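# Fold the following.
(chains A and B)
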Amino acid sequence: MAVPAADLSQRLVNWARMKSPWITIFNSGACNACDIEIIACLMPRFDIERFGILVKGSPRHADILIVTGPVTLKQASRLRRVWEQIPEPKYVIAMGACGAGGGAFYGLYHVMDCVDCVIPVDVYVAGCPPRPDEIINGVVTCLNLFHEDAAHGGKEWRQKKAVPVIGTDTNICKVVP
Amino acid sequence: MPEVVVSIGPHHPALKEPVNFKVVVDGEKIVRLELDLSYNHRGVEKAAEQRDFIRVLPLMERVCGICSHAHSTAFAKGIEEIMQLEIPPRAQYIRTIIAELERMHSHLLWLGVAAHVIGFNTLFMWTWRDREAIQDTVEEMSGNRVHYGMNEVGGVRRDLTPAQVTAALERLPNLEERIKKYVDMVNKEETMLIRFRGVGKLSKEEALRYGTVGPTARASGVDYDIRKDDPYLAYADVPWNVVTDTNGDVYGRTRVRIGELWESIRIVRYCLENLPEGPIRVTAPRNAPTGEILSRYEAPRGELVHFIRTNGTDKVERVDIRTPTLANWTSVAMCLVNQNLADLPVIVAAIDPCLSCTSRITLLDNQNKKTGVMSLDELIWRNRSRDQGQERP
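Numbers count the residues shown, from 1 in each chain, chains lettered A, B, ... in the order given. Reported below is the predicted structural model:
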């Protein structure tokens, strides 16, 4: 799939973005299993740096946000704030059963049950926890989405626009329709 | 110089998990540490009261992703003790094998993270590569790399085939060689000696006073290991030694963990070679009689305690989890005093903090110095509905 004809500088930026997507990890109340599997991705066996994928600490440097965990209430506003800091075009990967629907923690009193309640999610990676190769596959799926979005001229063809909220303390609840 | 508060977290490049440190510094010296640990609080203890024993075990595994077998074994062990079940020796051995493999992967993981914190990324890569051999073994035995799902009340769910035993034994000599290298490294490698020696010192008296457990306590010369002091699973049959050290600093904690890697290999090898024949589980009754039990387990990070109260039904009335990291935080706050701010990451990393097990909520009235309880409705109101203007229940 080709990147659509934009002006040269935009094509150059898109090319660079495709060749080296930078990710940032947000632990929203996970049990650490997903987090250590992401770190295992960086290690010699899986070595995601050979695809140009770098893990960055700051959301302002990142293209892809990987969210682990079922989003505890205390972390919800922080997650939203971190997501708002990522420059467009940004993509969100929800890790594991927790990120998709709460997993083993579904319905607990301090849990939002899904990442989708707080920020729009582009790719879900299944598993509890997903294997490192599945995580890499999730990132690659994100890159394909990026191509398609570029062809459609934005994310609106597949995703409703997230309701903008100002990240106050704890009033985030089901902001995405 | 006036005191300055440096706020770190909950989302910070240096942190792997959400935690908030308020470090009060005077110049470069740390005056004190204030902690907020509750970002990962999910309410596992409450959830455990609403599920029967079969469904609680997967939940217990997900208390922590690194020591998942520790939590599920501690819980299953407690319930079995209340039910007065006799667990077949083969099941005990299989649990021990998984437990020690888990300890090895956790300690290698820690060694890598500690090396990463001091900027020694080569060792980080090496340990995590060696860790993959253990992950492979565990995956062959249980089917998953992280949450093993091996336990059930009454035994284990999966048997080990002779092929799995041979494959596991074949991986051990290579690991032994690598661990020998790490033992050599920690004593000679200048990078590690400079950053680890004399940092975060904790004397034996302090270690006892602050209630430290696990490698942190043993590095200060406290000979305290539940596997020896209150043997469970197959530890009473297996020949092994408690590793202690007298240094009491980060260097000592590294030496203890590497020593434990060595002992764990011995235990795994012994258990694999002397795996008894027989059934792997007994049928457990559905309900547990009324009772209270304090189930203790030596997790990779130290003594893990599950307090379980049952009331004659198929659910627990109360389960209280005291994780080793929670016990060790006080000692961190104490040994940070008068240290350099730059040594903060390595001192914190030295207890191998695991925030997801540790997150607790306690109601604290700071002015009156009182703690209290909160009803579930009020808790939900505080978290979800307060800002939307709903009435307090």
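
# And the residue of the stretch 201-350 of chain B closest to chain A?
B:Thr325 (11.1 Å; Cβ to the nearest Cβ). Placement of C-beta: from N, CA and C, glycine included.

# Tell me which helix or strand that residue sits in.
B:Thr325 belongs to helix B:324-335 when assigned by DSSP states H and E.

# From the contact counts, what lies against the longest helix belonging to chain A?
When chain A is scanned for its longest helix (criterion: DSSP state H), the result is helix A:132-152. Secondary-structure packing of helix A:132-152 (3 or more Cβ pairs under 8 Å, 6 or more residues apart in numbering or on different chains; DSSP states H and E): helix A:8-19, helix A:33-41, strand A:64-68, strand A:91-95, strand A:123-125.

# quick one, which of the ones you listed is nearest to chain B?
helix A:33-41 (2.7 Å).

# is that closest one anywhere near chain B?
Yes. For helix A:33-41 and chain B, the contact criterion (Cβ under 8 Å from any Cβ of the partner chain) is met by A:33-37, A:39-40.

# on that earlier part again, how about CSV for the helices and strands packed on helix A:132-152, with mean pLDDT and mean neighbour count added?
Compiled in CSV, those are given as follows (pLDDT from 0 to 100; neighbours: other Cβ atoms under 10 Å in any protein chain shown):
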stretch, mean pLDDT, mean neighbour count
helix A:8-19, 82, 12
helix A:33-41, 89, 24
strand A:64-68, 92, 27
strand A:91-95, 91, 27
strand A:123-125, 91, 21
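
# looking at it, B:Ile308 is touching B:Lys77, isn't it?
No. Counting by Cβ atoms under 8 Å, B:Ile308 stays clear of B:Lys77, with 9.6 Å between them.

# Which residues are in contact with each of these two?
Residues touching both B:Ile308 and B:Lys77 (Cβ atoms under 8 Å, 6 or more residues apart in numbering or on different chains) are B:Ser295.

# quick one, which of these two is more surrounded?
B:Ile308 (25 against 22; other Cβ atoms under 10 Å in any protein chain shown).

# Mind telling me what element the more buried one is part of?
In this assignment (DSSP H and E), B:Ile308 forms part of strand B:302-310.

# Show me what that strand is packed up against.
Packed next to strand B:302-310, using 3+ Cβ pairs under 8 Å, 6+ apart, are helix B:68-83, helix B:214-219, strand B:291-299, strand B:316-322, helix B:324-335.

# so which of the ones you listed gets nearest B:Pro239?
strand B:291-299 (16.6 Å; Cβ to Cβ).

# List the strands paired with the closest one, with their directions.
With DSSP bridges as the test, strand B:291-299 is paired with strand B:302-310 (antiparallel).

# Please enumerate residues in contact with the partner strand?
B:67, B:70-71, B:74-75, B:78-79, B:82, B:212-217, B:224, B:226, B:288-298, B:316-325, B:327-328.

# and what of stretch B:170-189?
By Cβ under 8 Å, 6+ apart, stretch B:170-189 touches B:104, B:111, B:123, B:126-127, B:130, B:133-134, B:136-137, B:192, B:196, B:251, B:254-255, B:258-259, B:261-262, B:265, B:268-269.

# and with 10 Å instead?
B:104, B:107-108, B:111, B:115, B:120, B:123, B:126-127, B:129-131, B:133-134, B:136-137, B:140, B:191-193, B:196, B:251, B:254-255, B:257-259, B:261-262, B:264-266, B:268-269, B:272 (Cβ atoms under 10 Å, 6 or more residues apart in numbering or on different chains).

# list the buried ones in that stretch?
For stretch B:170-189, burial by neighbour count (16 or more other Cβ atoms under 10 Å in any protein chain shown) applies to B:172, B:175, B:178-179, B:182, B:185-186.

# from these, which two are the most distant?
Top of the distance list for those (Cβ to Cβ): B:Leu172 and B:Val186, 20.7 Å.

# Just say which of the helices and strands packed on strand B:302-310 is most tucked in.
Stretch with highest mean neighbour count among the helices and strands packed on strand B:302-310: helix B:214-219 (a mean of 29; mean count of other Cβ atoms under 10 Å in any protein chain shown).

# how about it as CSV, C-alpha atoms only?
Provided in CSV are the C-alpha atoms of helix B:214-219 (Å, rounded to 0.1, in the frame of the first residue of the first chain):
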residue,chain,number,x,y,z
GLY,B,214,13.6,-11.6,51.8
PRO,B,215,16.9,-10.7,50.1
THR,B,216,16.9,-7.2,51.7
ALA,B,217,16.9,-8.7,55.2
ARG,B,218,19.3,-11.5,54.3
ALA,B,219,21.8,-9.0,52.8
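
# Relative to the whole chain's centre, how far out is that helix?
12 Å (Cα atoms, centre = their mean, to the nearest Å).

# same for it, what does it pack against?
helix B:204-209, helix B:250-273, strand B:302-310, helix B:324-335, helix B:344-350 (3 or more Cβ pairs under 10 Å, 6 or more residues apart in numbering or on different chains; DSSP states H and E).

# wait, isn't A:Gln22 in contact with A:Glu49?
Slight slip there: residue A:22 is Trp, not Gln. No. The criterion here is Cβ atoms under 10 Å, and A:Trp22 misses it with A:Glu49 at 11.1 Å.

# where do the contact lists of these two overlap?
A:Val55.

# okay, the two: which has more neighbours?
Set A:Trp22 next to A:Glu49 and count neighbours by other Cβ under 10 Å: A:Trp22 wins out with 16 against 12.

# possible to save the residues of helix A:33-41 next to chain B as TSV with distance to A:Asn144?
Below are those laid out as TSV (distance: Cβ to Cβ, whole Å):
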residue	distance to A:Asn144
A:Ala33	26
A:Cys34	22
A:Asp35	25
A:Ile36	27
A:Glu37	22
A:Ile39	25
A:Ala40	23
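
# okay, the residue nearest to A:His61 when sequence neighbours are not counted: pLDDT?
Beyond its immediate neighbours in the sequence, the residue positioned closest to A:His61 (Cβ to Cβ, 6 or more residues apart in numbering or on different chains) is A:Trp22, lying 5.8 Å away. You'll see A:Trp22 listed with a pLDDT of 90.

# so where's the stretch 1-150 of chain B uncertain?
For the stretch 1-150 of chain B, not a single residue meets the criterion pLDDT under 70.

# That one: helices as residue ranges?
B:44-48, B:53-61, B:68-83, B:89-117, B:121-142 (DSSP state H, counting those that start in this stretch).

# List the buried residues for the last one?
Think helix B:121-142. Those would be B:123-135, B:137-138, B:141-142, for helix B:121-142 by 16+ other Cβ under 10 Å.

# hey, what's the residue nearest the centre of chain A bridged with?
Note on chain A: the residue nearest the mean C-alpha position is A:Val92, at 2.1 Å, using Cα atoms, centre = their mean. With DSSP bridges applied, A:Val92 shows beta-bridge pairing to A:Leu65.
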